[in-house]
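[1] here are the coordinates; sequence isn't available:
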């Protein structure tokens, strides 16, 4: 059963501008918004702004799907890449909110084209 649905769109140029900023400000933004694994994955790409934009969209989409719980942090939602499709790892407030809703799995899809990155998150489980 679908327990939550969220979608978000991010302009890649917005992340390009942030990443081109002063190093201290860039580091603070990345540390606040992305996990170490996400940063390593994004920084390994030539077009890292697109990867960061897609992950930022996924974090926003997940928050919306969870009902925008109070206190959620960007790092409470991590886009994990292994073999195949991306997945979400939920921690902290995001994990607690998912448990309250009865979420068994969080599905995510990412896309980017024409200077825009987008993500959709579907929460699946049994309502409590």
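    Yep, it's here. On a predicted model such as this, the values are computed, not experimentally measured, just so you know.
[2] Now that residue 62 has come up, it's in contact with residue 90, right?
    Yes: if you go by CB atoms under 8 Å, residue 62 and residue 90 touch, sitting 7.5 Å apart. No exception for glycine: its C-beta is placed from N, CA and C like everyone else's.
[3] more neighbours, these two?
    residue 62 (29 against 20; other CB atoms under 10 Å).
[4] Now list whatever residues contact both of residue 62 and residue 90.
    77, 106 (CB atoms under 8 Å, 6 or more residues apart in numbering).
[5] Might you report the residue contacts of the residue nearest to residue 115 when sequence neighbours are not counted?
    Closest residue in space to residue 115, ignoring its immediate chain neighbours: residue 12 at 5.1 Å, by CB to CB, 6 or more residues apart in numbering. Residues in contact with residue 12 (CB under 8 Å, 6+ apart) are 49-50, 53, 112, 115-117.
[6] same thing but at 6 Å, please
    For residue 12, the contacting residues are 49-50, 53, 115, 117, by CB atoms under 6 Å, 6 or more residues apart in numbering.
[7] Over to residue 64?
    Counted by CB under 6 Å, 6+ apart, residue 64 has contacts residue 6.
[8] quick one: it from residue 91, how far?
    18 Å (CB to CB, to the nearest Å).
[9] picking up where we left off before, would TSV of the contacts of residue 12 with pLDDT and distance to residue 21 be doable?
    Shown next, in TSV, are the contacts of residue 12 (pLDDT from 0 to 100; distance: CB to CB, whole Å):
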residue	pLDDT	distance to residue 21
49	98	12
50	97	17
53	98	15
115	96	19
117	98	19
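[10] Nothing else from me, thank you.
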